[in-house]
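Enquirer: sequence first, then the predicted structure, then my questions.
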Amino acid sequence: MSELPRLVVQGLSTSFPTEDGLVRSVADVSFSIAPGKTTALVGESGSGKSVTSLTLMRLLPKTANAQVSGKAEFGTRDGRRVDLLQLPDDSIRQLRGNELAMIFQEPMTSLNPVFTVGEQIAESVRLHKKLDRTAALAHAKRMLDLVEIPAAAQRLHEYPHQLSGGMRQRVMIALAMACDPTLLIADEPTTALDVTIQAQILVLMRRLQAETGMSILFITHNLGVVAHHADDVAVMYAGRVVERAAVRPLFATPQHPYTQGLLACLPGKAHAAGLPRPKRLFAIRGQVSSPLAPPPGCAFEPRCDQAVAACTQAMPPLITIADARQARCVLRSAA
Amino acid sequence: MSTPLIEVRHLKKYFGSTTRPVRAVDDVSFAIQPGETLGLVGESGSGKSTIGRTVLRLIERTEGQVLYRGDDLAGLSDERMRKMRSKLQIIFQDPYASLNPKMRISAILDEALATHGLHPGRAARAKRIAELLETVGLRAEHASRFPHEFSGGQRQRIGVARALAVEPEFIVADEPLSALDVSIQSQVINLLADLRERLSLTMLFISHDLDVVEYLCDRVVVLYLGKVMEVASTTELFARPLHPYTQALLAASPKPDPLIATAHVPLKGDIPSPIAPPSGCVFRTRCPHAIEACAQAVPTLDEVAAGHQVACIRQELFMMEAAA
Amino acid sequence: MQLPRIVRQLLHRRIVMVSAVVLLAIVVLALGAPWFASFDPNDTAVLDRLKSPSAAHLMGTDELGRDLYARIVYGARYSLAIAALTALGSVVAGTILGLVAGFFRRLDTPLMRVVDAMMSFPDILLAIALVAILGPSLLNVVLALVLVYTPRVARVVRASTLVVRELLFVEAVRALGVRTSRILWRHILPNLMSPILVQVSFIFAYAILAEAGLSFLGVGVPPEIPTWGTMVAGSQQYASQAIGVVLFPGLAIIVTALSLQLLGDGVRDLLDPKLKKTLT
C-alpha cells in the first residue's frame, strides 16, 4: 500500500533582489512528506527554512519581488495533485486555512488583537466550510475543546491578550485544525514557549496527528524536538538541503559534516550518552557566510574540518547514498 | 566554608501597585562561593532575570539583602556603588540590543576602561582593547567597526570583552546563549568556560536550557514563580531531582536522541500569574502530587542531604524513591 | 566611495530632492544677496512705484519704488535668520528640558506641568503677548518664538528619552558604572538625533510662517526691517494696484515653508526605525 506523499517539493528556489544584489534564500530544495507523518526541516539562521515554508504557502510579501522556481506537488482531499507554486491566487486561497494550514512562532502577532478568539476561528470555518454564524461558533468551541483549552465556552469570547502564550498557541492550532487540514506547516511553533508548555503542545500535536492522519511539516532548530517528534528530517544549510534521512538513522549516523557538527556540539549529548562531561564542547568554527558572498563550492566548506580540495570547486549535488538517505557532500558516494 | 562572594538573603522584588503587586522575586536566598558557577533555572515568571539584575543593583530590591564579601550593596553610596561595578559585571541575553549601535567597538571598550581609570592613556587603552578582543576570539582590527557589522555570536563576544574590560570578580550571565544559533552556542560556552578558569571568575548563570546549565554550572537553584523549589549540586540535581517541578522540567526537555524514550506526561495547566500566585506552595496547581496541606503554608527550604535543599512537604515521597 | 546610505536614499525621493534644491537656492540667494540683486533694497524711486515685472525689475517695484526682487532676496536673510535662530534656540532649550524630564523621574512631573501650561496657549496668541511685553524687535521676536516652540520640542524629546532610557545598551553602560552625565551626553542624546532633526526642520518652517504672521499683524519685527512678513504687511493696501507687492513675498513664504516641511517629512520617513529585514 504505497500511498502518494502528501507533499513533494522538487528543486524549490526562492531569490530576492536587494539593493546589494540577488539573495538566494532557498536553492534547489527537495523533500517529501508522507501522509500521516511528520517531516522536520532543521536549520539555523540563514538556512532558509522559514522562507521555504512561506514560499510553499505563497505568503511571501509582494514587495519582496521574490523569484520562485521549482515544483511543490500537493495531494488534495479530493484526490487531485496540484502544484502549489503554479496555482492561481484564488485556488491557493481556497486551500490555505483549509486543507493547508500553518501555525507560526509568535501567537500574539499571528492572532488579530481586536477580535475574540471564537470569532477568528469561526471566520475561517464560515469561509471554507460555508457554515452560518451559529454553526461556525459551535464548531469553534469544539475546536477549543479539541486542543484542550479549559472552559472553552468562556474562552470563545476572550481576546488574545487575555490568554497566556501556551493558550494562544493552542488557539492557533485550533484555528489551523478548524477545517480538517491534511497538511499542517508548523514554523517554530514552540520556540517562544516555556519548556513545560512546549511539552504540552508537542504532545497535543502528536495526538491530533494520530486522530486526523494529517501530515506535518515541522520547522525548527531544536534537535531535541526533532528527535522525538519527527519521522523524517531534512537538514538545511545556507538555503540548501544538505542531508535527508529518517530520524533514527540521522541521529545514529549523520552523514553530512554539518549534521555531524550540529549533533556533536550539543552540551546534552555527552550526558545523554552517559559519558563524563567533556572539558571542551565540540564547536563548528566560524559562522554561516553572507548570502551575498557565498563560497565558490560547498557552502559549508569554510567551516568544515573534513574539507578537501574538491569542496571548493563546485556545489556538490544532493545524492542518494543509501535507502531513503541523501547527502550533499563529495565525501559520500552514491549507493 | 569561606565567606561567600555573593550572598542573597530573603530577596524580594515586587513591581507595580502595592495592593496587588507582581511578585517577581518572593523570598529567595542563596550563596555563591568564590570561583563557583551557580545556575539559576526557571521558566517565565520564575524571577531569574530579575534576580540577576537585582543582585547587581540595576534594579532596586523591595526587601532583603544582597551581600558582596559580607557587605550589603544597598548600603553603598551612589559613587561607591559605581566604583564597585567594576567587580560585578553582566552579560546580556540580546547581543543585538546590548551594544550602542552608534559607537565603534573601540569606543565601547575604551569607555569601559576609562570609566574605571584602567590602563590610563589612549595608547595603553588601545593596546588593552586589542588584547581583550583577542581574548574573546576576535581580532584587533575588529575594533574599528560598528556593532551591526558583526553576527550575533560575535556581538556576544564583544559583550563578554566589555564585561571583562573592567576586571570583574563576579559575572551575571543572563541567558547569554538564548539568542544564538546552536552551532554558535557551543563556541560561546567554550569561551565562558575558558575565561572562567583563566580569570578565576565567579558566575551566576541564568538560563532555561537545562543541558547548558548541566554542562557549565557547579550548583543549581531551581525557581518557580519567584520562589526557590530546589537547590543542589549539578550532578545531584540531574541524577536525583527531589522536587516535582524539577522532575517535570527535566522530563520535559527533549533529549537529542530518538532512542531515549520519553514516557513523560506533561504538566497540566499554565504557569500562574505572579500577580495572583497560588496560596501555600506556588507549584501546587500543577503538581501531580499535590495534597490539601500544600495550600496551607509555603513549604520551607529544607536541607535533606549535604548541599541539597528542597521546598516540598512531600519530599519524603521522593527521598524513598530515590533511595530505592 | 559610496555616499552614506541616508544620502543615497534621500536622492531617491524626488520631492525631497526638489525641496532640498529649492531651499539651497533660497539660502544661496540670501547669502549672496549683494551679488544677486542689482538694486539696493532700500533705494526708493517714487517715479517707478508699483511697476509690473520687467527686464529691469524682475518682480516689479513696491509702493516706494523699491525693487521687489532685491527686497525679497535681502528679506530672505532676515526671515531665514529669524527662523534659524528660533529653530536653534527652541531645539537646544527643548532638548535640555526634555532630556532632563525624561531621564530623571522625579523631575519629570514638575517640568512637564510647566510645559503643558505653556502649550495650552495657542502659538500665535502667546507670541503676540510675549512681543507685546518685550517690545517689537528682531531679537524679541526670536525670543518669543523660542518660548512658544520649546515646549513642543521638550515633549518630543522627553518621549524619545523615555524610550531610549530603557534600551538594553543604556542598561549595559549603567552596569559598567559609567557616570550619568556621560550616559546622557554620549548614549542617550545621539540616539535622539532623529526626532530632534525632524523637529528642527518643522520649527524652521513654523517660524517662517509665524514671523510672517506676527509682522503682518504689526506685532512682529519693526516695519523698517525688510522681512517677507513686513513686506506683506506694509504693502497690503496696494495689492489691488500691483498684486506683486504681496504676491511675491507671499510666495517666498509659502515656498520656503513648504520646502522645509517636505524636507522634514522626507528626513523623518528615512530616520524612522526601518522595517527590519523580515526574511533571512
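Expert: Ah, there it is.
Enquirer: residue contacts, the residue of the stretch 151-280 of chain C found nearest chain B?
Expert: Using CB to the nearest CB, the single residue of the stretch 151-280 of chain C nearest to chain B is C:Gly177, 3.4 Å away. Heads up, the C-betas are built off the backbone N, CA and C, glycines and all. Counting by CB atoms under 8 Å, 6 or more residues apart in numbering or on different chains, C:Gly177 makes contact with B:Arg82, B:Lys83, B:Met84, B:Arg85, B:Ser86, B:Thr115, B:His116, B:Val166.
Enquirer: for ChimeraX, what selects the buried ones among those?
Expert: Restricted to buried positions by 16 or more other CB atoms under 10 Å in any protein chain shown, the ChimeraX selection for the contacts of C:Gly177 reads:
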select /B:82,84,85,86,115,116,166
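Enquirer: so which of the contacts of C:Gly177 also contact chain C?
Expert: Contacts with chain C within the contacts of C:Gly177, counted by CB under 8 Å from any CB of the partner chain: B:Arg82, B:Lys83, B:Met84, B:Arg85, B:Ser86, B:Thr115, B:His116, B:Val166.
Enquirer: redo those as JSON lines? Include pLDDT.
Expert: Below are those laid out as JSON lines (pLDDT from 0 to 100):
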{"residue": "B:Arg82", "pLDDT": "93"}
{"residue": "B:Lys83", "pLDDT": "93"}
{"residue": "B:Met84", "pLDDT": "94"}
{"residue": "B:Arg85", "pLDDT": "95"}
{"residue": "B:Ser86", "pLDDT": "94"}
{"residue": "B:Thr115", "pLDDT": "94"}
{"residue": "B:His116", "pLDDT": "94"}
{"residue": "B:Val166", "pLDDT": "95"}
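Enquirer: closest to chain C among the residues you listed?
Expert: Lowest distance from chain C to the ones next to chain C among the contacts of C:Gly177 (CB to the nearest CB) belongs to B:Arg85, with 3.4 Å.
Enquirer: excluding chain neighbours, what is closest to that closest one?
Expert: C:Gly177 (3.4 Å; CB to CB, 6 or more residues apart in numbering or on different chains).
Enquirer: tell me the contacts of residue 268?
Expert: No chain in the question, so chain A it is. Neighbour list for A:Gly268: A:Gly224, B:Leu210, B:Asp211, B:Glu214, B:Tyr215, B:Ser253, B:Lys255, B:Pro256 [criterion: CB under 8 Å, 6+ apart].
Enquirer: I was thinking of chain B, sorry if that wasn't clear
Expert: B:Lys268 neighbours (CB under 8 Å, 6+ apart): A:Gln200, B:Arg286.
Enquirer: how about it, secondary structure?
Expert: For B:Lys268, the assignment made with DSSP: H, G, I helix; E, B strand; the rest coil gives coil.
Enquirer: from the ones next to chain C among the contacts of C:Gly177, which land in helices?
Expert: B:Arg82, B:Lys83, B:Met84, B:Thr115 (DSSP state H).
Enquirer: could you export these as JSON lines, including distance to A:Leu331?
Expert: Below are those laid out as JSON lines (distance: CB to CB, whole Å):
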{"residue": "B:Arg82", "distance to A:Leu331": "56"}
{"residue": "B:Lys83", "distance to A:Leu331": "57"}
{"residue": "B:Met84", "distance to A:Leu331": "55"}
{"residue": "B:Thr115", "distance to A:Leu331": "51"}
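Enquirer: related to what we said a few turns ago, got CSV for the contacts of C:Gly177, with distance to B:Thr3 too?
Expert: Formatted as CSV, these follow (distance: CB to CB, whole Å):
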residue, distance to B:Thr3
B:Arg82, 24
B:Lys83, 21
B:Met84, 16
B:Arg85, 20
B:Ser86, 20
B:Thr115, 28
B:His116, 24
B:Val166, 23
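Enquirer: quote the end-to-end distance of stretch B:135-149.
Expert: One end of stretch B:135-149 sits 20 Å from the other (CA to CA, to the nearest Å).
Enquirer: and that stretch, anywhere near chain C?
Expert: No - Stretch B:135-149 stays clear of chain C (CB under 8 Å from any CB), getting no nearer than 8.8 Å.
Enquirer: for that stretch, list every residue counted as buried.
Expert: By 16+ other CB under 10 Å, the buried positions in stretch B:135-149 come out as B:Thr135, B:Val136, B:Gly137, B:Leu138, B:His142, B:Ala143, B:Pro147.
Enquirer: likewise for stretch C:174-184?
Expert: Residues C:Arg174, C:Ala175, C:Leu176, C:Gly177, C:Val178, C:Ile183, C:Leu184 are the ones in stretch C:174-184 that count as buried (16+ other CB under 10 Å).
Enquirer: tell me which of the residues you listed is nearest to B:Pro244?
Expert: Of all the buried residues of stretch C:174-184, C:Ala175 has the smallest distance to B:Pro244: 35.9 Å, by CB to CB.
Enquirer: which residue packs closest to that closest one, ignoring adjacent ones?
Expert: Distance criterion CB to CB, 6+ apart; nearest residue to C:Ala175, sequence neighbours excluded, is B:Ile90 at 5.0 Å.
Enquirer: what's the burial count for B:Ala123?
Expert: Using other CB atoms under 10 Å in any protein chain shown, B:Ala123 has 9 neighbouring residues.
Enquirer: about what we covered before: show the pLDDT at the residue nearest to C:Ala175.
Expert: The model reports B:Ile90 with a pLDDT of 97.
Enquirer: thought it was touching B:Ile171?
Expert: Yes - the pair B:Ile90 / B:Ile171 is scored as a contact, 6.9 Å apart, by CB atoms under 8 Å.
Enquirer: need the residues touching each of these two.
Expert: Common neighbours of B:Ile90 and B:Ile171 are listed as B:Ala163 (criterion: CB under 8 Å, 6+ apart).
Enquirer: against A:Phe31, how distant is the spatially most central residue of chain A?
Expert: Nearest to the mean C-alpha position of chain A, by CA atoms, centre = their mean, lies A:Ile219 at 2.6 Å. Separation of A:Ile219 from A:Phe31 (CB to CB, to the nearest Å) stands at 12 Å.
Enquirer: try A:Met172
Expert: For A:Met172, the distance to A:Phe31 - CB to CB - is 24 Å.
Enquirer: sweet, I'm off.
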